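>>> could you look at this predicted model? Sequence included:
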There are 2 protein chains.
Amino acid sequence: MEPDILELESFLPYRLYRLADTVSREFSRIYKERHGLTRPEWRTLSGLGQRGMMTATELGEQSAMHKTKVSRAVAELERRRWLTRTPDENDRRVEHLALTKAGFAAYREMVPLAKAFERELLARLSATERTAIVTGVAALEQALEEKS
Amino acid sequence: MEPDILELESFLPYRLYRLADTVSREFSRIYKERHGLTRPEWRTLSGLGQRGMMTATELGEQSAMHKTKVSRAVAELERRRWLTRTPDENDRRVEHLALTKAGFAAYREMVPLAKAFERELLARLSATERTAIVTGVAALEQALEEKS
DNA sequence: CCAAACTGGTTTCATTTGTAACCATCGGAA
DNA sequence: TTCCGATGGTTACAAATGAAACCAGTTTGG
């Protein structure tokens, strides 16, 4: 193991990125083929489906998206009539977003597919490995929160 | 736990992606600030530094990059005179890429920084957690290889 | 030998993304 | 009040990306 050489294949940031990229790419096929959604759009749909009513800022925080991504995703979902905006009574800068019936229908259709995807992914691991990935990811998440 | 709701925060594809994104973003500051490299450029540099001499195709395989990314990264590094191309003797479509002295110097400067980054990241975890993330990632990597 | 299929690599074009500037509104502090 | 800095959200512009077309060279099957 030469000390002045970096082995990309075992370098954690690289491995994590590649892994996430592969998984995410594979999963995206589901909502892309099904409804022609982009990832930001899917996350918006999924965030609102889960929580019911949120502002754009809250959406961004929950789903880790830059505000421009949120803005564009919301615009597109609105164009499809999958969500509506309701101006806030007290603060006229704020809009409350919520899924329409059609939007919620799409959401309900997606949920089992997403769950199945995750289930099948984890099914390829042993019980120990499943625990490992979940623990490891959780630990790293927490470590990163604290630092920044 | 309502069965028809998906909790984004605990959905593995989402967590993985966000984690990788955060880590990668933080790490990218190092090579971005230091040398103004993009991620494909950094990977190219790092791949050639590690292996010595490769074709563009090999580079793409090793570092999981689309061939257009490789092509552009190589072009940029060549412009900086950090790498050179040598035409293959037998197959005139192929070029062998290698770092120049300047390119290798940049590589040698980056390696300790990369290693320190990884070390400090892992240092925030307990020994058990470190094992967990490494095992988990390896397991998922393998599971994905097999399937596809 | 030759056409057809294939491969390494580049380029073009449309789409996605990030940064920064921006607009409107809000909350204080003077 | 009135100004000023912060905040919610959108837009403009430049850079990064991916898909597909492309070019040159190579292999294969007839």
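Thanks, I have it. Residues are numbered from 1 along each chain as shown, chains lettered A, B, ... in the order given.
>>> CA atoms for contacts and neighbours, from now on please.
Fine.
>>> what segments of chain A are strands?
Assigned by DSSP state E, chain A shows strands spanning A:54-55, A:83-87, A:95-99.
>>> most neighbours per residue, which of those strands?
Of all those, strand A:95-99 has the most neighbours on average by mean count of other CA atoms under 10 Å in any protein chain shown, namely a mean of 20.
>>> can I get the strands of chain A in a markdown table with distance to chain B and mean pLDDT?
Below are the strands of chain A laid out as a markdown table (distance: least, CA to the nearest CA, whole Å; pLDDT from 0 to 100):
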| stretch | distance to chain B | mean pLDDT |
| --- | --- | --- |
| strand A:54-55 | 15 | 97 |
| strand A:83-87 | 17 | 97 |
| strand A:95-99 | 14 | 97 |
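>>> closest to residue B:52 out of these?
Closest approach to residue B:52 among those (CA to CA): strand A:54-55, 51.5 Å.
>>> and the closest one, what does it pack onto?
strand A:95-99 (3 or more CA pairs under 8 Å, 6 or more residues apart in numbering or on different chains; DSSP states H and E).
>>> partner strands of the strand it packs on and their direction?
In the sheet, strand A:95-99 lines up against strand A:54-55 (antiparallel), strand A:83-87 (antiparallel) (DSSP bridges).
>>> list just the one of these that sits closest to residue B:126.
So among the strands paired with strand A:95-99, strand A:54-55 is nearest, using CA to CA, at 36.4 Å.
>>> ok, and the closest non-adjacent residue to the residue sitting nearest the centre point of chain A?
Central residue of chain A (CA atoms, centre = their mean): residue A:43, 4.7 Å from the mean position. Leaving aside its sequence neighbours, residue A:43 sits nearest to residue A:63 (CA to CA, 6 or more residues apart in numbering or on different chains; 6.4 Å).
>>> ok, which of the strands of chain A comes nearest residue B:10?
strand A:54-55 (19.0 Å).
>>> which residues are in contact with the closest one?
A:48, A:94-98 (CA atoms under 8 Å, 6 or more residues apart in numbering or on different chains).
>>> let me know the closest of the residues you listed to residue B:118.
residue A:48 (35.5 Å).
>>> was I right about the closest one contacting residue A:100?
No - under the criterion of CA atoms under 8 Å, residue A:48 makes no contact with residue A:100, lying 10.2 Å away.
>>> okay, the two: which has more neighbours?
residue A:48 (21 against 16; other CA atoms under 10 Å in any protein chain shown).
>>> go ahead and confirm the residue nearest to residue A:43 touches residue A:45.
No - Residue A:63 is beyond contact range of residue A:45, at 10.5 Å (criterion: CA under 8 Å).
>>> need the contact list for residue A:97.
A:48, A:53-56, A:83-86.
>>> one more time with 6 Å
Applying CA atoms under 6 Å, 6 or more residues apart in numbering or on different chains to residue A:97 gives the contacts A:53-55, A:84-85.
>>> among the residues you listed, which ones lie close to DNA strand D?
Restricting the contacts of residue A:97 to those adjacent to DNA strand D (criterion: CA under 7 Å from any atom of the strand) gives residue A:55.
>>> picking that back up, which one of the contacts of strand A:54-55 is nearest to residue B:105?
residue A:48 (49.9 Å).
>>> what pLDDT does that closest one get?
Residue A:48 carries a pLDDT score of 97 in this model.
>>> what of the one 3 residues further on?
According to the predicted model, the pLDDT of residue A:51 comes to 95.
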